[in-house]
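Q: Sequence plus the predicted model coming up.
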Amino acid sequence: MPYATASDETKIFYDVRGGGEPLVLLSGQANHHGWWDGVRGDFDAAFRTVAPDHRGTGSSGAPREAEYSIARFAADVAAVLDDLGVERAHVYGTSMGGKVAQRLAADHPDRVGALVLGCTSPGGPNAVAADPGIGRALGSLDRAAARRTLIDLMFNPGWAERNPGSERVLGDPGMAAHARRGHLAASRGHDAWDDLPRITAPTLVLHGTDDVFAPVGNALLLAERIPGARLLLLDGARHAYFEEQRETAGAAVLDFLREHPLGG
């Protein structure tokens, strides 16, 4: 199993598939690389996809709670690229993975080719916040009710029932409690507002119009703050737009990446 070693010696697992230019796929909060399994084949056919397990998830190490931040997640991705001997790669991050992708593009601009940000937020006081009731519902002691809330945030009514396997985006069930808290704190602590104008990578921003988990207004902010960014809103999609509107979203991402080859 391939592992990179982070600066604090944490082992970061990564999964590699396909061939072609490298494309890093970054999953959402408290999720490992299986987040991408429903759509990953669409990208493997054209790119060498690299999907890390965030620290604390999957097969990666789970250090103490203080060792989690968006900047550290981004440095972990850079360590994965180093381990692979890859100087530059395209990066597609969704949800918390989109926050990691922002930080990677701002702090390590030489490592990022084309950048795709999905269902994510710039963070901080300038972001469009979700209804506080969502956090309370997800933190309910009634775990079955909390899971139903999460499914409703991810998908339109009935979609998950019609599409077996969609639970792959509902979190890593084997994740330790301290790592789960670390992920939550890292995501909440993200604020890239002042750094977004420094991003030089060609950028595509995607978002479902019916996403209330990460309200769609955040996509507008990202597209405005990142120089030259392109915006695609997916009508009627919720947070897991990449699953619900796989064909449309996947084609848009592939077209964008092909438009910006690493050697271009």
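A: That came through, no problem. Numbers count the residues shown, from 1 in each chain.
Q: Please report how far residue 242 lies from residue 59.
A: Distance of residue 242 to residue 59, given as Cβ to Cβ, to the nearest Å: 23 Å. All C-beta spots, glycine's among them, are computed from the backbone N, C-alpha and C.
Q: Confirm for me that residue 91 is in contact with residue 24.
A: Yes - if you go by Cβ atoms under 8 Å, residue 91 and residue 24 touch, sitting 4.7 Å apart.
Q: hey, what's in contact with both of these two?
A: Residues within reach of residue 91 and of residue 24 at once, by Cβ atoms under 8 Å, 6 or more residues apart in numbering, are residue 77.
Q: The two: who's more crowded?
A: residue 91 (31 against 28; other Cβ atoms under 10 Å).
Q: For the more buried one, give the beta-bridge partners.
A: In this entry, residue 91 is beta-bridged to residue 24, residue 115, by DSSP bridges.
Q: wait, what's in contact with it?
A: Neighbouring residues of residue 91 by Cβ under 8 Å, 6+ apart: 23-24, 26, 77, 101, 104-105, 112-116, 201.
Q: who has more neighbours, residue 242 and residue 59?
A: Set residue 242 next to residue 59 and count neighbours by other Cβ under 10 Å: residue 242 wins out with 26 against 17.
Q: measure stretch 116-129 end to end?
A: 21 Å (Cα to Cα, to the nearest Å).
Q: Now do that stretch, average pLDDT.
A: Mean pLDDT, stretch 116-129: 98.
Q: Where do the strands of the stretch 151-264 of the chain begin and end?
A: 203-208, 230-234 (DSSP state E, counting those that start in this stretch).
Q: Could you look over the ones you listed and pick the most buried one?
A: For the strands of the stretch 151-264 of the chain, the largest average neighbour count (mean count of other Cβ atoms under 10 Å) is found in strand 203-208, namely a mean of 26.
Q: Spatially nearest residue to residue 170 (excluding sequence neighbours)?
A: Nearest residue to residue 170, sequence neighbours excluded (Cβ to Cβ, 6 or more residues apart in numbering): residue 150, at 5.6 Å.
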